[in-house]
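[1] build the 3D model from these lines:
(one chain, ligands or ions: 1)
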Amino acid sequence: MNVPKKVKHFVWKVCKNILATKENLWRRNITKDNTCEVCKKQVESIGHLFWFYDHVKEVWYSCKLSLSFEIHPSRDYMNVIWHLQKWEESRPRLLEWMVKISWGIWKDRNDIRHRGRLWSGQAVTRSLLCSLEEFQLANERLMANAKRNHVVKWALPQAGCYKVNVDRVVFSKKKQSGVGVVVKDGAIQVIATLSKKQYSSLGPLEIEAKAMEIGVTFAMKVGVGDVTFEGDSLEICNAIHGLTIVAPSVQNVVTGILKCA
Ligand SMILES: [Zn+2]
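    Numbers count the residues shown, from 1 in each chain. Presented below is the predicted three-dimensional model:
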């Protein structure tokens, strides 16, 4: 997802239901009032905040973003994300937009709470688009500079430490995927290697996660400590560090890796 870090962090909080909504603050005895800041009628839960009152419906309407399923009060935010991930191929970037708009709604809600300003749904969307456009431009500039100034190099492991590189290869026609693991010591001596063929129809991100899992398990078998693991999926790396949300099937592998480590 091409969104600012603060938006990713926001989504993580929403999915974990730890965003500072009135309902969550009330549950933690921080406030005695759990009613919605905007409609003042219902409890400000995550579901209510993002989908179920007139003002927020106006925001969604003005974005012209149509989801291919209905959102019921019983459906939690995480569940909406899983659904959208299924359509990632046929409707690319739908999930990204849903997340961005949710963030805009949260910003708007804070504006109402702290400044008493109630913008129209259209104005909320406009301001959101402007701030995201700024992010996009800044990001593009940053990438261009990085390309100009930086050459990615394999970094040496620190003295006394080991480095484990994992990589995966996919043969989509045969529905096969392979994983390679190389363990090197501080003197860049290869001390162990492993290559494994897997016969399954896992998705690309699932294979990346699986590759990392095989790397971690192999390093344990070889008996090396103080290891830096290196793979080529930033998304898996972020998932391991809890910075991004991935599909449940990928998350299961990530959880397994964290248990091993
Ligand atoms: Zn409300």
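[2] point out where this protein drops to low pLDDT.
    Within the chain, the stretches with pLDDT under 70 are 68, 135-136, 139, 142-143, 146-156, 169-175, 199-201, 243-245, 261.
[3] kindly report the residues of it close to the ion.
    36, 38-39, 53 (CB under 5 Å from the ion). (Glycine included, C-beta is placed from N, CA and C.)
[4] mind doing that once more with 6 Å?
    36, 38-39, 41-42, 48, 53 (CB under 6 Å from the ion).
[5] can you redo the residues you listed as TSV with distance to T255, neighbour count and secondary structure?
    Putting the residues of the chain next to the ion into TSV (distance: CB to CB, whole Å; neighbours: other CB atoms under 10 Å; DSSP: H, G, I helix; E, B strand; the rest coil) gives the following:
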residue	distance to T255	neighbour count	secondary structure
C36	34	22	coil
V38	37	20	coil
C39	38	14	coil
K41	39	9	coil
Q42	35	16	coil
H48	30	21	helix
Y53	35	17	coil
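[6] and which of the residues you listed is nearest V164?
    Lowest distance from V164 to these (CB to CB) belongs to H48, with 46.4 Å.
[7] grab the nearest non-local neighbour of that closest one.
    Residue nearest to H48 in three dimensions, not counting chain neighbours: Q42, with 5.4 Å by CB to CB, 6 or more residues apart in numbering.
[8] what of R113?
    Leaving aside its chain neighbours, R113 sits nearest to E37 (4.7 Å; criterion: CB to CB, 6+ apart).
[9] what's the neighbour count on that neighbour?
    18 (other CB atoms under 10 Å).
[10] quick one, what contacts it?
    Contacts here follow CB atoms under 8 Å, 6 or more residues apart in numbering; on that basis E37 touches 22, 44, 109, 112-113.
[11] now do 6 Å
    For E37, the contact set (CB atoms under 6 Å, 6 or more residues apart in numbering) comprises 109, 112-113.
[12] for the residue in the stretch 51-200 of the chain positioned nearest to the ion, which residues are in contact?
    Closest approach of the stretch 51-200 of the chain to the ion (CB to the ion) occurs at Y53, with a separation of 3.6 Å. Contact analysis of Y53 by CB under 6 Å, 6+ apart lists C39.
[13] ok, now A192?
    183, 222.
[14] how about a cut-off of 8 Å?
    181-183, 218, 222.
[15] among these, which two are most distant?
    Using CB to CB, these span at most 11.0 Å, a distance reached by V182 and V222.
[16] please enumerate residues in contact with stretch 205-219?
    Stretch 205-219 is touched from outside by 162, 164-168, 170, 177, 179, 181, 183, 192, 194, 196, 198, 202, 227, 229, 231-233, 235-236, 239-240, 246-247, 249-250, 253-254, 256-257, 260-261, with contacts defined as CB under 8 Å, 6+ apart.
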